[in-house]
Each structure stands twice: as structure tokens, then as C-alpha cells.
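K.L.:
After the sequence you'll find the predicted model.
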Amino acid sequence: MSEQPRVTCTIDDNQIATVILNRADKLNAIDMPMFQAVNHLTKSLSRNKQVRAVIVKGDGSDFCSGLDVKSLLTSKTGALKLLFKWWPTLPNDAQRFSVGWRDIPCPVIFAIHGRCWGGGLQLASGGDFRIASPDANFSIMEAKWGLIPDMGGALAFRELMRQDHTLEMAMTAKVIDSQQAKDYGLVTKIAEHPYAEAYKLAQECIERSPDVLAATKKLYHKTWWTSPGLALFLETWYQLKVGIGKNRIIAGKRERRPEDKPDYLPRQFK
């Protein structure tokens with residue numbers, strides 16, 4: 001019997017993709033097959049012009065308990081594969097596990113319950129939104145194993161948290177609850193049913209043009225830490241690209257005649 005896939009993905013009639021970490025017996029701990037499955041999936045979703053939103057959740061009792069230390073740290077070959085870079089400024093396979101979600105040109109929402117630790121937290125931090133259950137808990141766990149967070153945390157944590165809060169969590173490996181995570185900026189919203197709340201947010205987003213969603217995401221990822229001049233240039237450039245698109249005309253028709261909404265065309269913005 002073949003081993004079940006580490007990650008599954010289904011796309012419903014609303015073109016909302018649901019991605020499930022599928023290793024519940026190991027608390028969705030990250031091993032090499034999960035790294036490979038997630039990185040393959042994010043590349044595939046980034047090329048899919050039909051998908052309007054993505055929701056990521058974990059099967060079983062926990063979202064993700066972090067690295068499967070036994071399977072990864074005991075294999076020097078595996079660690080080298082994850083850390084190897086073709087070019088210093090490009091992400092390696094470990095970093096792509098988190099930052100790959102940024103390349104998907106639609107909203108990516110993480111629905112979190114139970115443990116969200118270490119690599120699991122860096123994974124979730126690569127999304128656009130994080131909705132957590134009241135009983136969820138969070139940790140930058142790497143210091144416990146004599147490591148630093150190296151899966152894209154240097155990007156995500158600086159955008160979400162104050163520096164002192166990031167240092168506190170990374171230096172102590174402490175575990176915090178949902179409310180503190182929300183106060184720190186790690187969590188967007190707390191909800192009793194994170195997936196249902198995530199789906200509701202996805203439905204709100206897909207009422208808008210897929211080109212607007214893609215352009216908005218790309219604009220803020222490219223300009224959040226750049227110079228004012230470049231930010232203003234890209235804002236104008238992306239507006240021109242969106243403005244001449246057919247979906248801009250469709251958006252106007254949908255607002256003028258809400259009782260007879262025409263469907264948006266597949267995403268054209270790049």
C-alpha cells in the first residue's frame with residue numbers, strides 16, 4: 001500500500017482551493033516529502049489562472065507541530081538539499097516552503113488550530129491572512145534545537161511583528177496563545193471555526209476582480225519596504241495594467257447591476 005500524500009488540494013465550484021497538511025498521525029510535522037509536496041503545490045497554484053483564493057489547514061489535532069527533527073536533522077544529505085542555493089538572494093527549498101505562498105497571485109488564508117510551532121509558524125506566516133482558533137498556540141521553536149528560524153522567517157516576522165517581540169519569541173522558544181499572537185500581529189483574527197471564517201473571507205475577496213486581487217498582493221509585497229519613489233511608480237504602473245483589462249469593465253457592470261452579475265474572466269494580471 002502506498003503512503004498517503006503529505007498534502008492534498010481540492011478546488012471547488014467557487015474556484016477556492018483548500019490545501020490540507022495530511023500527516024495527522026505525526027501532528028503534521030514537516031519531513032522531506034512534505035517540503036517537496038508543498039513546494040510543488042505552490043508552484044502549481046501560482047500558474048493556475050482559474051484559482052481565486054487558497055485556504056490552508058491541517059488535518060487532525062494540530063495545524064503543524066514544526067520540523068520532524070528525527071527524520072530531518074539525522075540526515076545530513078536532507079539538510080544540505082534544503083539549505084542549498086543556486087544564488088545567494090534566491091530562496092532555497094526550506095525558505096520556499098514559506099515564501100512560495102507569496103507567489104500565488106490571489107489571497108492565501110491559513111486556518112490554524114492546535115499547535116503552530118517552528119516551521120509550521122513560518123509556513124503560516126507566508127500567507128496573507130491567519131485565522132486561528134481560541135485554543136491555537138504558537139512558537140518560534142528553533143532555538144530549542146540549537147537552530148535559528150531559517151524558512152523565510154526573516155521576511156515574514158519583520159512584516160508582522162515588532163522586532164522586540166520577534167527576538168523574544170526566537171530567543172526563548174516560548175509558546176504563546178492565540179490572543180497574544182493576535183496582539184503581536186501573527187494572527188489576523190480569532191474564530192471558533194477557523195476554516196469556516198477563512199472561507200467566508202475568501203468569498204468576500206472573490207467578489208472582486210481577480211486582477212485587482214493579484215495586483216494588490218503584488219504591489220504591497222514589492223513596496224512594503226522599498227523607497228517611496230518605487231512604491232509610487234509601481235502603484236501607477238499596476239493601476240494602468242488593471243485599468244485596461246476586461247475585468248475592470250466587468251467589475252463596473254457588477255456594481256451597476258448587482259442583480260445580474262457577469263462572471264469575471266480568468267486572471268490576466270502578471
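P.N.:
Structure's in. What do you need?
K.L.:
show me where the stretch 151-270 of the chain has strands.
P.N.:
Along the stretch 151-270 of the chain, counting by DSSP state E, counting those that start in this stretch, strands occupy 176-177, 189-190.
K.L.:
and if you look at the stretch 1-150 of the chain?
P.N.:
7-11, 16-21, 53-58, 108-112, 115-117, 129-132, 137-139.
K.L.:
Now render these as JSON lines, adding distance to residue 196 and mean neighbour count.
P.N.:
Using the backbone N, CA and C atoms, a C-beta is placed for each residue, glycine as well. As requested, the strands of the stretch 1-150 of the chain are exported to JSON lines (distance: least, Cβ to Cβ, whole Å; neighbours: other Cβ atoms under 10 Å):
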{"stretch": "strand 7-11", "distance to residue 196": "16", "mean neighbour count": "15"}
{"stretch": "strand 16-21", "distance to residue 196": "12", "mean neighbour count": "22"}
{"stretch": "strand 53-58", "distance to residue 196": "10", "mean neighbour count": "25"}
{"stretch": "strand 108-112", "distance to residue 196": "8", "mean neighbour count": "29"}
{"stretch": "strand 115-117", "distance to residue 196": "18", "mean neighbour count": "28"}
{"stretch": "strand 129-132", "distance to residue 196": "9", "mean neighbour count": "26"}
{"stretch": "strand 137-139", "distance to residue 196": "20", "mean neighbour count": "24"}
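K.L.:
so what are the domain limits for this structure?
P.N.:
7-205, 210-260 (automatic domain parsing).
K.L.:
what's the first-to-last distance across the first one?
P.N.:
Terminal residues of domain 7-205 are spaced 24 Å apart (Cα to Cα, to the nearest Å).
K.L.:
Same check on the shortest one?
P.N.:
Domain 210-260 has an end-to-end distance of 19 Å (Cα to Cα).
K.L.:
what mean pLDDT does that domain have?
P.N.:
In this model, domain 210-260 has an average pLDDT of 95.
K.L.:
One more: the first one?
P.N.:
Averaging pLDDT along domain 7-205 yields 93.
K.L.:
before we move on, the earlier item: quick one, which of the strands of the stretch 151-270 of the chain is nearest to residue 103?
P.N.:
strand 189-190 (24.0 Å; Cβ to Cβ).
K.L.:
starting at the chain centroid, how far to the closest one?
P.N.:
Between the centre of strand 189-190 and the centre of its chain there are 16 Å (Cα atoms, centre = their mean, to the nearest Å).
K.L.:
same thing with stretch 112-124?
P.N.:
With Cα atoms, centre = their mean, you get 11 Å for stretch 112-124.
K.L.:
quick one: terminal-to-terminal distance for that stretch?
P.N.:
With Cα to Cα applied, stretch 112-124 spans 8 Å between its terminal residues.
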